[in-house]
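Undergrad: Following is a predicted model, sequence given first.
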Amino acid sequence: MEEPLLWEKGRPGRNGMSIPDSDVPDAQLAADLCGEGPDFPDLSEVDVVRHYTRLSQWNFGVDTGMYPLGSCTMKYNPKINEKHAASEGITSAHPMLDDEYCQGTLRIIYELQNYLAAITGLDAVSVQPAAGAHGELAGMLIFAAYHKSRGKKRNKILIPDTAHGTNPASAALCGYKPVSIKSGPRGILDVDQVRELMDEECAGIMITNPNTLGLFEENIREIAQIVHEKGGLVYGDGANMNAVMGIVDMKKCGVDVLHLNLHKTFSTPHGGGGPGSGPVCVVEELAGFLPSPRVVFDGEQYRLEDERPESIGRMHCFHGNYGVLVRALCYILTMGAENLKKATQYAVLNACYIKVKLKNHLHLAYDRPCMHEAVFSDKKQQEYKVTTLDIAKRLMDSGYHPPTIYFPLVVHGAIMIEPTETESLEELDTFIEVVKEIVAEAKSDAELLKNAPQRFKVKRLDETQAARQPCLCG
Amino acid sequence: MEEPLLWEKGRPGRNGMSIPDSDVPDAQLAADLCGEGPDFPDLSEVDVVRHYTRLSQWNFGVDTGMYPLGSCTMKYNPKINEKHAASEGITSAHPMLDDEYCQGTLRIIYELQNYLAAITGLDAVSVQPAAGAHGELAGMLIFAAYHKSRGKKRNKILIPDTAHGTNPASAALCGYKPVSIKSGPRGILDVDQVRELMDEECAGIMITNPNTLGLFEENIREIAQIVHEKGGLVYGDGANMNAVMGIVDMKKCGVDVLHLNLHKTFSTPHGGGGPGSGPVCVVEELAGFLPSPRVVFDGEQYRLEDERPESIGRMHCFHGNYGVLVRALCYILTMGAENLKKATQYAVLNACYIKVKLKNHLHLAYDRPCMHEAVFSDKKQQEYKVTTLDIAKRLMDSGYHPPTIYFPLVVHGAIMIEPTETESLEELDTFIEVVKEIVAEAKSDAELLKNAPQRFKVKRLDETQAARQPCLCG
Amino acid sequence: MRYLPHTDEDIRTMFDTIGVSDFEGLFRTVPESCRYDKEMKLPPPKTEWDLNSYMAEIKSMMKITPEHAVLVGAGRYQHHIPSTIPAIMSRSELITAYTPYQPEMAQGTLQGLYEYQTLTARLLGVDVANASMYDGASALAEALLMGIRIGRKKKRVAVSKAIHPHYRAVVDTYFAPTEYEIVELAVAEDGRTDLSSLSAEDGFAAVALQSPNFFGVIEDMEKSAEAIHAADSLFIAAFSEPLAFGLVKSPGSCGADIVCGEGQSLGIPVSFGGPGLGMFGCRDKFVRNLPGRLVGETRDLEGKRGYVLTLSTREQHIRREKATSNICSNQGICTLTAAMYMASLGGTGIRKLAKLNFDKAEYLKAGLQQAGATLCHDAPTFNEFAVRFDSDFKPVQKSLMEQGIAAGLNLSGFYDDMDNCYLFCVTETASKDVLDTVIKEVKK
Amino acid sequence: MRYLPHTDEDIRTMFDTIGVSDFEGLFRTVPESCRYDKEMKLPPPKTEWDLNSYMAEIKSMMKITPEHAVLVGAGRYQHHIPSTIPAIMSRSELITAYTPYQPEMAQGTLQGLYEYQTLTARLLGVDVANASMYDGASALAEALLMGIRIGRKKKRVAVSKAIHPHYRAVVDTYFAPTEYEIVELAVAEDGRTDLSSLSAEDGFAAVALQSPNFFGVIEDMEKSAEAIHAADSLFIAAFSEPLAFGLVKSPGSCGADIVCGEGQSLGIPVSFGGPGLGMFGCRDKFVRNLPGRLVGETRDLEGKRGYVLTLSTREQHIRREKATSNICSNQGICTLTAAMYMASLGGTGIRKLAKLNFDKAEYLKAGLQQAGATLCHDAPTFNEFAVRFDSDFKPVQKSLMEQGIAAGLNLSGFYDDMDNCYLFCVTETASKDVLDTVIKEVKK
């Protein structure tokens, strides 16, 4: 069913929500300040409800089916966490009241800080960053503040070509020029290359581990040692933490600063692009640099500590995406250590299973033991002129969200599959069968793939036109 | 996307909800009483959530679009009412505790009783019946108890051919043999016919007003007088109350007993077939016969009154579908008298508008001023061998739920359209255009209609086979 | 008004199209003498926020809050409900749909009902289950009427006095205008129904027991089936706590012909007694006498599996006064809720949960006995049981209420010989701490 | 564990397929020296019911309950949120979707974002708005960085001291590692920013004001625009209460070049400060410098209208370190929420609601003055204002807290010269009764 744009609907004078009657006298605002008010359409409640119900029906979510978007960790988002985040005790809490009135909400932050420290192996945590990239920025600000505190401004940073996409931009915001490191033939970093590039102009290195090829950076400790020896710091992009909970101790790896994505590993919903949450975790020596305020507990009271001279300062108007923190805490409390570790084990098991089952059908970029995701490509389909994009679009017609495509950039035509631990064996098997069928179709009837998708509200969309003649406002 | 039956999924040992650990010792039940437990599939939480999410996606609801199912009054179901019915204060209230512990929940019943009395014009109300047909049964039991109290058992009842379908069955349950009255040429009851059939064997008459042709029974007062003169009672089927709120006073019409459908007029959701709620309203003289217990207020306390010797007794284990009552009360409090009357006016306005706009395209059974619904038929399409069913199925493909079809029985191939007041003029116009297109298609390409629907999970289903070889259990 | 979309301009347009000049023109067929001639006496319209305040006031009038532990059952049971259930069942495609008259666009409801029928049949041990009745009480009334229809010439039915008193009251209501007689069967010392004198000469079309019965006592269903069938009657088995069948033998497997009862325990909140769920099943051979809606499997034009409402010849739309029952709307969404709950529990889960309910009730039972109370009956029970106190229990009950525990239902209003007898219910929601508090308070 | 579907048998099957014998086999690339060698120190897993108890305990620790009237704003505003919004926004197709990388199966999110961009542009009076930033504070920081990018050679920006102190703190954080200088502009007596000495020689790439500012004062935006443009700087207009633009002129219409701020007021709960919504828009000519995601209209293969993420050349995936910003995930669902709220209010509604907020705040303002308090500033305000008390306000505040009213934010921690000054916020949620109680308590 079609649904027009909001302003193509409505009639002046309708309304879609209650507005209280006034119980106070009319007051007058100076005429030169008064505006006309925005040109919004007037709609009834049923107009609005149907509009968004229809919109929702054009979307695919984790509850609809498997969403194997590599590097995005689209696991099941538990309903109970939504309930608690939406409870009035949480939603009505005001952030500008004195600490004594907010003991419950502060406790949630305090406990989450501790639990995230326990999970990563690091010592101190701030949950203020509002998304992964915001956490990266916090990390880079900590790098900058650390070097400044030691009287040395550094101007470069090492970033492997298998890092997450936002790493270079986050570093650039802090004045660091990214120096790219090519991953070695095994898809992971080569120690010698790091040794060659690391110098005292370099603030440190940003490592995604497992990297975006789904491979564990086996040399991370040696690399960290090299970086540390040159006075640098090691940043860990923890977006892929789902692959290593209870298995890897980030401190033992030599990581100094790490961000997490609560909207990946810790099951909070992605909301079509947010709100996320990107807590930043550091070793003890860097705790003073964490964003302010921090939540501390003096044995009796939870308090917001603001007088922290070394701190990089405030990253967010208040405490970050608090509602997301509530959900993540609920998840951690529900899972406990044993189930978080199982989640990791099953996530890796599922990815390895898909890798083994599909590697004769899709080209496997690096045939090595993968962690939480496996990166294939369209290499075998090139002879039929079928691309990764065609395969992705055809998957839609079978009821699956496609994997991440054309990322990481180091694999040409990449197809990056991350099933997560919440997919059952039956779901995996069905998905695998569908991919095999599509691979067969690529050979027998490439047009079928070229014309996909067919089952949606729109056919394949012209993204080039959108960028060439931007129409951003109706 | 396909979704198997529940027991075609799952693996032994999975679980989909938390079960508390035991904090008490193990106890032993006599072995001869112990069973094996039911053969249910074991599923994970995500299995279950996806199963029902997918199922829901195969359904059409009022939030999806216009649902002009005649006689079912599918109006918008406000979200705020759902919230209050689901609030813990309501859902946790236990019905077997003493009145003093339940003052809030009893007050809701008490106020709803009063408001429904005010809306119908009648004097006393019981909200115990759990659905419309249950309300009818309550009404018929009151008829029986009333006649018995006067020492006369009667054995027949008059029911017009334009009455709702459940009326005869409800009467039969109370030992009344229905005597059918044919509606007159104007689609409404003929006074003389009633006079002819009404006698002292007859318990009374059951009148749906407006009737299922959407017409007001203009002679109801005279008819009531005839029935009353013969010692009978007048039952009003209030399923179509949405057409007359604030316009018609049921007591002035001569109605003695009336049931309402809260899941029609009072906006509570139908839930794919329930729970409904069918309060029964009576004139003062019959108040003693209402089901027990009743909620009374002594100026200080709300009480359940159970010692009521004339009462027909208990109809439901507790207070009927209480959660539905909460929703209906919320609706009435939100609307107030002025908006309930407007609801009626707009409902009739919308039906009349559709009637006028479509009467040149579909045959109009009775071209008279209609109330809340208009009854068309497939008469004009017969020459193309297109039936009401074909038209209905084709409507689906345009994103509409079809109207009620083949009912009332007095119109051959009936198409009974009830838009309700919550449909806007734009929605009506779009619907009208779609019907016109289908009428044009019936002429130009009847096969298109015969093969409809095309856009759903299944094509046209074989209902005959289902009845011939029933498969009721998997 | 936010639910009413028409603007004045819309209304004028429509008046013009119809050819009237005002609303009065639309209602000209309503005679003056039938008119509502004043304003309906209702409070002025409330905004959403005023309504919230009103409901907050209602809540403040409740002496029992959601935080109370409720050790009262008697037909409504407080069980944990996973948050998945309200999250899914509030999806508007499910909750705002009507009865699935157009199966192609209601496959969600229909497959859901078919699955409910199947899981219910498995739970109750019957061949076929319908798509629900209003509640356990009306289901029992309908079951007895069904028994009469099957029994043909027989004009009498028997019901155990250990059946929930409200269920029996509803049966009385349904039977009042009929010519049929209801005979009540006494309860033996051990809390089970006394069937010793039952014989074919009684001429009972059907005999109804409840198990677990109102006192929580598990009837000896297999022996009862023998006795009832020996008396040439149909065996109707009622229940108010279906969770029991996770642990005890299902009624159908013990020989019941018709099984009916209340399904509220299966994921549906107590909600002051409603909406609940009337569950109803029977042997295959009685299916054409079964009241209520049925969903059946069929095929579409292309042979694909699908679901439809079926056997509607038993229903009112076609047979009208000859219908098996007048039931039409049933408890739709509650049905889906129960199915979702059964699926969430699974076979493994329901066994575990039922055992936990049993164990917890046994713990309180033993504790109360130790504290000086006497068991009213000595037959085995499931999550409910009745005890007699030597001294007045009311002050204890009041003190517990103040500690956040609503414990014990006074049975004296229901049975003549049960002064100072109280019915306790213990589900998985009651912690050992709560049970210990009750025991301690009784000991005092 | 209910979120983990694998049974032991499943796991064995998968081990066999992969060719490992245990989980260890899957992690053999992780060196021993990197291993987590103990159990993670976390509490044991909680059932859903234990988690509910935990959250109930958290709730019981809050001295301010949901029933309190909160007359504190300062960046987060308590407004009524219609129940339609959580009902719709919790639909899993919306909430559990990822960023719409595959537009054909994400048209819901995409059309919703496009509508949000449009309504936001209309509200703020700008040509184009992006699909959100994290919050108002980080949006201002990004706006100033954008100003620097546009200003090219200029190394300085100016920000008013009447901008929310937390916003300025975030700006400081973002600017700390850069070479750029931030200059703070003083606040005049009347509560508006003093721009009198502004000149082109200052070399400000951009000048940022907030209106209504932290004190609730409505800045003279038109005059400010003149002064700032005359000084050859970009005019950045921030805000924390967008509802104001239902009544006062939009920043864009007054001449602002970049408009940014916090959208929490638009249907998003306070939630201890997050998630909120960074709103961000600008003139057309700056669009290629705009940070954050953008949705654009396009056509499908058959010419049908559809929506896609666009202009991603500004983003990190393509330009990496040359991106306009590192922002990636934004506040997706909050964006849709705000759009739904704006659509529910409508043009007529937002004017009415804004006026009501204004009237109510004026009522309290007048009442407090009558009760003896002094206004800190005499320029017009919108729903917030600051007053100075002669005597210590803390005991009054405490007494009000006990009566269920949290009133007034102490400004002494934020500004040197504001001892015993308090910032009050009045929205449509505060009844006259509540306001009268505050006035009465102050009078005492």
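TA: Okay, I see it. Every value quoted in this text rests on a predicted model; they were computed, and no experiment measured them. Residues are numbered from 1 along each chain as shown, chains lettered A, B, ... in the order given.

Undergrad: who's in contact with the nearest residue to residue C:255 once chain neighbours are set aside?
TA: Closest residue to residue C:255 apart from its sequence neighbours, by C-beta to C-beta, 6 or more residues apart in numbering or on different chains: residue C:225 at 2.9 Å. Heads up, the C-betas are built off the backbone N, CA and C, glycines and all. Remark: with contacts taken as C-beta atoms under 8 Å, 6 or more residues apart in numbering or on different chains, residue C:225 is in contact with C:235, C:254, C:255, C:256.

Undergrad: give me the number of residues near the closest residue to chain A within the stretch 251-400 of chain C?
TA: With C-beta to the nearest C-beta as the measure, residue C:344 is the residue of the stretch 251-400 of chain C nearest to chain A, at 11.3 Å. Residue C:344 is surrounded by 28 other residues when neighbours are defined as other C-beta atoms under 10 Å in any protein chain shown.

Undergrad: show me what contacts the residue in the stretch 151-300 of chain C positioned nearest to chain D?
TA: Proximity to chain D, evaluated over the stretch 151-300 of chain C using C-beta to the nearest C-beta, is greatest for residue C:267 at 13.1 Å. Residues in contact with residue C:267 (C-beta under 8 Å, 6+ apart) are C:79, C:81, C:82, C:85, C:337, C:338, C:340, C:341, C:342, C:344.

Undergrad: so which helix or strand takes in residue A:338?
TA: With elements taken from DSSP states H and E, the one containing residue A:338 is helix A:322-358.

Undergrad: Can you name every helix or strand that that helix contacts?
TA: helix A:79-85, helix A:88-91, helix A:103-120, strand A:374-377, strand A:414-417, helix A:425-444, helix D:8-18, helix D:48-60 (3 or more C-beta pairs under 8 Å, 6 or more residues apart in numbering or on different chains; DSSP states H and E).

Undergrad: quick one, that helix and helix D:8-18 angle?
TA: What separates the directions of helix A:322-358 and helix D:8-18 is an angle of 50 degrees, with axes from the mean of the first three to the mean of the last three C-alpha atoms, to 10 degrees.

Undergrad: Can you give the contact residues for the helix or strand that residue C:423 is a member of?
TA: Counting by DSSP H and E, the element that carries residue C:423 is strand C:421-425. By C-beta under 8 Å, 6+ apart, the list of residues contacting strand C:421-425 from outside reads C:70-74, C:77, C:214-216, C:361, C:364-365, C:368, C:376, C:383-389, C:393, C:407-412, C:415.

Undergrad: Not counting sequence-adjacent ones, nearest residue to the residue of the stretch 151-300 of chain C closest to chain D?
TA: Of all residues not flanking residue C:267 in the chain, residue C:341 sits nearest, at 2.8 Å (C-beta to C-beta, 6+ apart).

Undergrad: just checking, the one you found touches residue C:85?
TA: Yes. Taking C-beta atoms under 8 Å as the definition, residue C:341 is a contact partner of residue C:85 at 6.3 Å.

Undergrad: For residue C:296, give me phi and psi.
TA: phi -130, psi 160 (degrees, to the nearest 10).

Undergrad: any idea how far it is from chain B?
TA: Here the criterion is C-beta to the nearest C-beta, to the nearest Å. By it, residue C:296 lies 4 Å from chain B.

Undergrad: got a list of what that residue touches?
TA: Residues counted as contacts of residue C:296 (C-beta under 8 Å, 6+ apart) are B:466, B:467, B:470, B:471, B:472, C:114, C:307, C:308, C:309, C:310, C:311.

Undergrad: Check the nearest residue to the last one once chain neighbours are set aside and give its pLDDT.
TA: So the one you mean is residue C:311. In space, and not counting its chain neighbours, residue C:311 is closest to residue C:294: 5.1 Å by C-beta to C-beta, 6+ apart. Among the per-residue scores, residue C:294 holds a pLDDT of 96.

Undergrad: now swap in the one 5 residues further on and tell me
TA: Looking at residue C:299, its pLDDT is 97.

Undergrad: quick one: buried residues of the helix or strand hosting it?
TA: Here residue C:299 sits within strand C:294-299, counting by DSSP H and E. Neighbour counts using 16 or more other C-beta atoms under 10 Å in any protein chain shown place C:294, C:295, C:296, C:297, C:298 of strand C:294-299 among the buried residues.

Undergrad: Just after that strand, pick out the following helix or strand.
TA: Scanning forward in sequence from strand C:294-299, with DSSP H and E defining helices and strands, the next element found is strand C:305-310.

Undergrad: so who does residue C:351 touch?
TA: By C-beta under 8 Å, 6+ apart, the contact set of residue C:351 is B:37, C:246, C:247.

Undergrad: Arrange these in TSV, one row each, with neighbour count and pLDDT as further columns.
TA: Compiled in TSV, these are given as follows (neighbours: other C-beta atoms under 10 Å in any protein chain shown; pLDDT from 0 to 100):
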residue	neighbour count	pLDDT
B:37	23	96
C:246	27	98
C:247	25	98
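
Undergrad: re earlier: among the contacts of strand C:421-425, name the ones in helices.
TA: Counting by DSSP state H, the contacts of strand C:421-425 place C:361, C:364, C:365, C:368 in helices.

Undergrad: separation between the single nearest residue of the stretch 301-450 of chain A relative to chain B and residue A:415?
TA: Across the stretch 301-450 of chain A, no residue is closer to chain B than residue A:399, which sits at 3.6 Å (C-beta to the nearest C-beta). The spacing between residue A:399 and residue A:415, counted by C-beta to C-beta, to the nearest Å, is 18 Å.

Undergrad: who in chain C is up against chain A?
TA: Contact residues of chain C with respect to chain A, defined by C-beta under 8 Å from any C-beta of the partner chain, are listed as C:2-5, C:7-10, C:47-50, C:82-84, C:87, C:92.

Undergrad: Single out the most deeply packed of the helices and strands packed on helix A:322-358.
TA: A comparison of the helices and strands packed on helix A:322-358 by mean neighbour count, using mean count of other C-beta atoms under 10 Å in any protein chain shown, puts strand A:374-377 on top with a mean of 27.

Undergrad: and that strand, which strands flank it?
TA: As defined by DSSP bridges, the strand partners of strand A:374-377 come to strand A:363-364 (antiparallel), strand A:414-417 (antiparallel).

Undergrad: Could the C-alpha coordinates of the helix or strand just after it be exported in PDB?
TA: The C-terminal neighbour of strand A:374-377 among helices and strands, as given by DSSP H and E, is helix A:388-397. Taking C-alpha atoms only, helix A:388-397 is exported to PDB below (Å, rounded to 0.1, in the frame of the first residue of the first chain):
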ATOM      1  CA  THR A 388      28.100  -8.500  -5.100                       C
ATOM      2  CA  LEU A 389      25.300  -6.000  -5.300                       C
ATOM      3  CA  ASP A 390      23.200  -8.300  -7.500                       C
ATOM      4  CA  ILE A 391      23.700 -11.200  -5.000                       C
ATOM      5  CA  ALA A 392      22.700  -8.800  -2.100                       C
ATOM      6  CA  LYS A 393      19.500  -7.600  -3.900                       C
ATOM      7  CA  ARG A 394      18.500 -11.100  -4.800                       C
ATOM      8  CA  LEU A 395      18.900 -12.200  -1.100                       C
ATOM      9  CA  MET A 396      16.200  -9.700  -0.200                       C
ATOM     10  CA  ASP A 397      13.700 -11.500  -2.300                       C
END
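
Undergrad: and helix A:388-397 with helix A:425-444, angle?
TA: Using the same axes, to 10 degrees, helix A:388-397 lies at 130 degrees relative to helix A:425-444.

Undergrad: about what we covered before: what residues of the strand or helix carrying the residue nearest to residue C:255 count as buried?
TA: Counting by DSSP H and E, the element that carries residue C:225 is helix C:221-230. Neighbour-count burial for helix C:221-230, counted by 16+ other C-beta under 10 Å, picks out C:221, C:224, C:225, C:227, C:228.

Undergrad: Could you do stretch A:441-461 as well?
TA: Within stretch A:441-461, judged by 16+ other C-beta under 10 Å, the buried ones are A:441-442, A:448-453, A:456-461.

Undergrad: out of these, what pair is the most spread apart?
TA: When C-beta to C-beta is used, the two most widely separated members of the buried residues of stretch A:441-461 are A:442 and A:457, lying 25.2 Å apart.

Undergrad: Between the strands paired with strand A:374-377, which one is closest to residue D:273.
TA: strand A:414-417 (35.0 Å).
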